[in-house]
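need a 3D model of the sequence below.
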Amino acid sequence: MAKELDNFDDELDEESEKDFLGEESAENQAPIVRDYTTRRILIWEENDTNRNACLEVLSDLLVGATFKAVKTEEEAIAEIENDDWDTFVVDFYTEGVSASDFIKRANNYPGSILVAISMGPLTLPDERDPSRTELLRRLFDMERPAAQIHG
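Okay, the predicted model is just below:
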C-alpha cells in the first residue's frame, strides 16, 4: 500500500530535502565567485558585428580574463604562434572554420580547450539572463587537460 502524501513537506527531514531538492536549494543559492584572471581567450570570427558581440558578451561574463578577438585565420594562427592561450573560441557555423588549419593547431595546442559557439545570436541583454549566462559560462569552466598527447 502506498503512503499518503498529504503532508509530504512536513515529513521531509533536512537531509532528505537536500537529496530531493539538490544541494543548492533556493535558500542556499548564492552567486559563485569565479576568478578568470588567469584565463587567456582567443576569439576568431570574421564577421565584425558577431566578433564584437562575442567579445562584449564574454568579457562581461568572464570578468578578469584576457581576450583577443581577430578577424582572419592568418591573424588567429599568428596569435597561436606568438602568444600563450588557454581557450580558443570559434563559430563552426562559419563556412570552412571546422576544417581550417587554425582548428587543427588549436586542437593540438598544449593544455587548451576549444569552445565552439554560434556567435550570430549573441547579444548582451539576452546573455544577462541567468539561465543563459550559466549555460554559456559552463563552457569556459571545463577543466583544461593537464597534459597534451603528442603524436
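
every contact and neighbour count from this point should use C-alpha atoms.
Noted.

which ones are touching Thr66?
Thr37, Thr38, Arg39, Arg40, Ile41 (C-alpha atoms under 8 Å, 6 or more residues apart in numbering).

max pairwise distance over the residues you listed: which two?
Taking C-alpha to C-alpha as the measure, the contacts of Thr66 span a maximum distance of 10.9 Å, between Thr37 and Ile41.

circling back to that earlier point, narrow the contacts of Thr66 to those in strands?
Among those, the members found in strands (DSSP state E) are Arg40, Ile41.

between the contacts of Thr66, which sits nearest Asp48?
For Asp48, the nearest member of the contacts of Thr66 is Ile41. The distance, counting by C-alpha to C-alpha, is 17.6 Å.

could you check how far that closest one is from Val97?
According to C-alpha to C-alpha, to the nearest Å, Ile41 and Val97 sit 17 Å apart.

by contact count, what packs against the helix or strand where Arg51 lies?
For Arg51, the host element (DSSP states H and E) is helix 48-61. Applying 3 or more C-alpha pairs under 8 Å, 6 or more residues apart in numbering; DSSP states H and E, one finds that helix 48-61 contacts strand 40-44, strand 66-70, helix 124-127.

how about a markdown table for these, with distance to Phe140 added?
Shown next, in a markdown table, are the helices and strands packed on helix 48-61 (distance: least, C-alpha to C-alpha, whole Å):
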| stretch | distance to Phe140 |
| --- | --- |
| strand 40-44 | 10 |
| strand 66-70 | 13 |
| helix 124-127 | 14 |
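
ranking those by burial, who's on top?
Ranked by average neighbour count under the criterion mean count of other C-alpha atoms under 10 Å, these are headed by strand 40-44 at a mean of 22.

what inclination does that one have with respect to helix 48-61?
Interaxial angle, strand 40-44 versus helix 48-61 (axes from the mean of the first three to the mean of the last three C-alpha atoms, to 10 degrees): 160 degrees.

need the overlap of contacts for Thr37 and Ile41.
Contact with both Thr37 and Ile41 is made by residues Ala65, Thr66, according to C-alpha under 8 Å, 6+ apart.

so what pLDDT did the residue nearest to Asp48 when sequence neighbours are not counted get?
Closest residue to Asp48 apart from its sequence neighbours, by C-alpha to C-alpha, 6 or more residues apart in numbering: Lys71 at 7.3 Å. The score at Lys71 is 96. That number is its pLDDT.
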